[in-house]
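In: Got a sequence here, can you model it:
(chains A, B, C and D)
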2 protein chains.
Amino acid sequence: MAIQDRKERQLAEREQLFLNAAREQICQDGLLSLQMAKIARACDYATGTLYQHFSSKEDLLVSICSELVDKRVEIFNRLVAWEAPSRERIFGIAVGDIIFARHYPEHFRLAQFVFTEVVWQAASDRRRQQLLETSKPMGEAVQRIIEDAVAAGDLDLRGRPLLEMTLGQWTMTLGMHNLVHAEGVLQLYNLHDPYRILLRQLNALLNGVGWQPQQDPFDEQALEALVQRIQRNVFADLCENGAEKTP
Amino acid sequence: MAIQDRKERQLAEREQLFLNAAREQICQDGLLSLQMAKIARACDYATGTLYQHFSSKEDLLVSICSELVDKRVEIFNRLVAWEAPSRERIFGIAVGDIIFARHYPEHFRLAQFVFTEVVWQAASDRRRQQLLETSKPMGEAVQRIIEDAVAAGDLDLRGRPLLEMTLGQWTMTLGMHNLVHAEGVLQLYNLHDPYRILLRQLNALLNGVGWQPQQDPFDEQALEALVQRIQRNVFADLCENGAEKTP
DNA sequence: TCATTTTATGAACCAGATTCAGAATCATTC
DNA sequence: GAATGATTCTGAATCTGGTTCATAAAATGA
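Out: Numbers count the residues shown, from 1 in each chain, chains lettered A, B, ... in the order given. Next comes the predicted model:
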């Protein structure tokens, strides 16, 4: 059935087209003014055609999110592959996330919205499931790093489930992305450079769960050096211009 | 101008009426099906009257959020007033938040939505400002506790701004509320009892920033005892039924 | 080529937020 | 306490933008 194949391929291509157009519009004019008809028009298709791919606007949003999560997974996998002390690898996930946020500034804004009851409930089961499925490898990556840490004697689970160890890091990162996007909140408390603070607090957290080797969270020199090293060794391609300041 | 006063009072009363009706509808049927006309009808007013108070639906949402934040502030203030080691007081904020989330299950769902670009941008400056203003006392409460901690020698700021110390706790809590409401995510990784995990990770974080006295984050007995004590001493009225399990 | 099936189209439809011209109420004055 | 002007309330009309679906167009295959 070569014909079926071709059709499927074309369908997938068109879906990609729609997704890209939608993402572009989000980057350009914000989530607020995203319109189904505009997306279709931008791709020279009728509105109805768009609905052959996505059963609703919410579905489309969830799909875009899946796509971006897929790219984010790539970041996580780099840390799994990186040969370095487990403590630096888990820390690297946060650094990678910050770099990711710079490359896809729309992602966390979108994700925050997507996981809102209003969108999440309105999306189709299929797309929801797909996003969860796409997200799984992030958990698996972290799990791999924790396993290595335990094996290397850098971390003692103290009887807790593997992934619990990282939930603090996860929620802390998530929450920080939220705050960063909540225009005005951080200014209210006169807090600057939120991602740098995140890294410091993360180091504190990792110390707190007993992840070896311990690192003074307020040693700026060491932090800067570590971030630089991670950028150089793991994300060189994403931090092209040498002048680029750390996250 | 007694007449002006009365008018103002009546206006405020009606606004409250609307806010309550809206909150009730959110609790009842979810954010998704909240409708301006329904709210007005529920209060026996015309739709237009509702718009004399709130310039848009988003404005209304932000207002509800402000109202709830006001109640949340009360929780924070209890911890400021509580006479106990600073470490227990800051920890108590998280415990209080969890209790708060149980009492107002709509709050964090709503807040997540409100701080979404789609709502935040669409709300009026005035209401946005109001919400930020209402939130300030939370920061001040935490600040008070940190000051006490420093004064008591429980915490060394290491040259960082006061509030930075707590940003990890803040974002961790925020992120956890997010995850809890993202139907399916925690199940995906087989994580149960998220708020309990939050408290353990928070203890780790507090240890990590060097907040004395240190507490083993995986000592279940100690954790349980502390939570119980906080509930008894600070939130007795909010945890009526003695049988109620800890958060 | 023609009949049949599949897909694309975009105008019509619909939900629900928002507005606004007129009705009702209130305050003030004589 | 009636008249007048100011204020407030009302809800049908308007508007926006997501979604549908009858019809047109294209693809398939005999």
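In: any idea which element the residue sitting nearest the centre point of chain A lies in?
Out: Closest residue to the average C-alpha location of chain A: A:R72 at 4.7 Å, with Cα atoms, centre = their mean. A:R72 is located in helix A:57-81, with elements delineated by DSSP states H and E.
In: Please name every helix or strand in contact with whichever helix or strand comes after that helix.
Out: Per DSSP H and E, helix A:57-81 leads on to helix A:86-103 as the next helix or strand towards the C-terminus. Counting contacts by 3 or more Cβ pairs under 8 Å, 6 or more residues apart in numbering or on different chains; DSSP states H and E, helix A:86-103 packs against helix A:57-81, helix A:105-114, helix A:125-151, helix A:164-181, helix A:194-208, helix A:220-234. Just so you know, the C-beta spots here come from the backbone N, C-alpha and C atoms, and that holds for glycine as well.
In: In JSON lines: these, plus distance to A:E15 and mean pLDDT.
Out: Formatted as JSON lines, the helices and strands packed on helix A:86-103 follow (distance: least, Cβ to Cβ, whole Å; pLDDT from 0 to 100):
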{"stretch": "helix A:57-81", "distance to A:E15": "8", "mean pLDDT": "98"}
{"stretch": "helix A:105-114", "distance to A:E15": "17", "mean pLDDT": "96"}
{"stretch": "helix A:125-151", "distance to A:E15": "12", "mean pLDDT": "97"}
{"stretch": "helix A:164-181", "distance to A:E15": "27", "mean pLDDT": "95"}
{"stretch": "helix A:194-208", "distance to A:E15": "33", "mean pLDDT": "98"}
{"stretch": "helix A:220-234", "distance to A:E15": "31", "mean pLDDT": "97"}
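In: To DNA strand D, which of these lies closest?
Out: Among those, helix A:57-81 comes nearest to DNA strand D, with 3.8 Å by Cβ to the nearest atom of the strand.
In: tell me what that closest one is packed against?
Out: Going by 3+ Cβ pairs under 8 Å, 6+ apart, helix A:57-81 lies up against helix A:2-29, helix A:36-42, helix A:86-103, helix A:105-114, helix A:117-120, helix A:125-151.
In: Swap in 10 Å and give it another go.
Out: Secondary-structure packing of helix A:57-81 (3 or more Cβ pairs under 10 Å, 6 or more residues apart in numbering or on different chains; DSSP states H and E): helix A:2-29, helix A:36-42, helix A:47-53, helix A:86-103, helix A:105-114, helix A:117-120, helix A:125-151, helix A:220-234.
In: still on that earlier bit, now the helices and strands packed on helix A:86-103 as CSV including distance to B:E133?
Out: Converted to CSV, these look like this (distance: least, Cβ to Cβ, whole Å):
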stretch, distance to B:E133
helix A:57-81, 32
helix A:105-114, 23
helix A:125-151, 36
helix A:164-181, 17
helix A:194-208, 21
helix A:220-234, 34
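In: Would you mind reformatting the ones you listed (as TSV) and adding columns for distance to DNA strand C while you're at it?
Out: TSV is the format used below for the helices and strands packed on helix A:86-103 (distance: least, Cβ to the nearest atom of the strand, whole Å):
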stretch	distance to DNA strand C
helix A:57-81	13
helix A:105-114	17
helix A:125-151	18
helix A:164-181	21
helix A:194-208	31
helix A:220-234	41
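In: Tell me which of the helices and strands packed on helix A:57-81 sits nearest to A:F76.
Out: Comparison of the helices and strands packed on helix A:57-81 against A:F76 by Cβ to Cβ identifies helix A:125-151 as nearest, at 3.8 Å.
In: Can you list the buried residues in the closest one?
Out: Going by neighbour count (16 or more other Cβ atoms under 10 Å in any protein chain shown), the buried part of helix A:125-151 is A:127-128, A:130-132, A:134-135, A:137-146, A:148-149.
In: counting contacts, what elements does that helix pack onto?
Out: helix A:57-81, helix A:86-103, helix A:105-114, helix A:117-120, helix A:164-181, helix B:185-188.
In: out of the ones you listed, deepest packed?
Out: helix A:164-181 (a mean of 24; mean count of other Cβ atoms under 10 Å in any protein chain shown).
In: now for that helix, which elements pack on it?
Out: helix A:86-103, helix A:105-114, helix A:125-151, helix A:185-188, helix A:194-208, helix B:164-181, helix B:194-208.
In: From the structure, what's the count of residues near the closest residue to A:V95 other than its chain neighbours?
Out: Nearest residue to A:V95 in three dimensions, chain neighbours excluded: A:I230, at 4.9 Å (Cβ to Cβ, 6 or more residues apart in numbering or on different chains). By other Cβ atoms under 10 Å in any protein chain shown, the residues close to A:I230 number 25.
In: do A:C27 as well
Out: Count around A:C27 with other Cβ under 10 Å applied: 12.
In: I'd guessed A:C239 sits against A:R102; true?
Out: Yes: counting by Cβ atoms under 10 Å, A:R102 is a contact partner of A:C239 at 9.1 Å.
In: Out of the helices and strands packed on helix A:57-81, which is closest to B:S86?
Out: helix A:220-234 (25.3 Å).
In: Please spell out which residues along that closest one are buried.
Out: Buried residues in helix A:220-234 (16+ other Cβ under 10 Å): A:223, A:226-227, A:230-231, A:234.
In: re earlier: I'd like to know how far the residue nearest to A:V95 sits from chain B.
Out: 20 Å (Cβ to the nearest Cβ, to the nearest Å).
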